[in-house]
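Novice: curious how this folds, go ahead:
(one chain, ligands or ions: 1)
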Amino acid sequence: MEPITLEELLQSRDNRQERQRRFLSETNCKTLICLTVVMPGSVKINKESLVIGLAAKDEIIKTFNKNTIDSEEHILKTGYEFYLTTDIEPLKAKKLCCLIEENHILGRLFDIDILDKNFNIISREQVGYEKRKCLLCDNEARFCMRNFTHTTQELLCRIKQLTDEFLTFSPEFSLKYQEIFNDF
Ligand SMILES: [Zn+2]
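Specialist: Below is the predicted model:
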């Protein structure tokens, strides 16, 4: 899989903001859910990040079901993105997404942002959850990221271990997305 450049990374952030703006201008929507995947290193799209993204998407769709207004998926070289607008209030939506992140075997690798109509991002602390922990130790994730506590290789290894475990126990998931995985 192809690594991305810094320019592509910055461009992808701009594009994401543009999409967020478009979604939040929808009339009935109260909240935007913006899902990306935690994937260290310069290769952002690979089998692991797809498994994580699609697993998170399935959970979000299941959770917001009838309260969904609109949704959109992007499988990009710069990473997996999924957007969903809902008429559920931002704080309640954040709580529901924190539950997904806490309870799913791959939840630690889901990056689910909740935005209100004014583009404010709701934090985990606002709904009573702690900051996210590192994948490999008890520190806060941000701490290890800033201090390069672990190598990219170590992190990718742990991610592969988790996605392999998930796939083993979810044959129906593998089957459902077989065609997408065949390309990776
Ligand atoms: Zn750590």
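
Novice: touching the ion at all, stretch 23-39?
Specialist: No: judged by C-beta under 5 Å from the ion, stretch 23-39 and the ion are separated, with a smallest distance of 12.9 Å. Where you see a C-beta, it was placed from the backbone N, CA and C, and this is true even at glycine.

Novice: what residues sit buried inside that stretch?
Specialist: The neighbour-count check on stretch 23-39 (16 or more other C-beta atoms under 10 Å) flags 23-24, 29-39 as buried.

Novice: let me know the closest of the residues you listed to residue 56.
Specialist: Residue 56 lies nearest to residue 35 out of the buried residues of stretch 23-39, by C-beta to C-beta, at 5.3 Å.

Novice: per-residue confidence at that closest one?
Specialist: Looking at residue 35, its pLDDT stands at 98.

Novice: next, it: secondary structure please.
Specialist: strand (DSSP: H, G, I helix; E, B strand; the rest coil).

Novice: for the chain, what lies in contact range of the ion?
Specialist: Residues of the chain lying near the ion (C-beta under 5 Å from the ion): 134, 136-137, 139, 144, 149.

Novice: what's the PyMOL syntax to select whichever of the residues you listed are buried?
Specialist: Buried members of these, defined by 16+ other C-beta under 10 Å, are picked up in PyMOL with:
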select buried, resi 134+144
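
Novice: could I get the residues of the chain next to the ion as CSV with secondary structure and pLDDT?
Specialist: Converted to CSV, the residues of the chain next to the ion look like this (DSSP: H, G, I helix; E, B strand; the rest coil; pLDDT from 0 to 100):
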residue, secondary structure, pLDDT
134, coil, 94
136, coil, 95
137, coil, 94
139, coil, 95
144, helix, 95
149, coil, 95
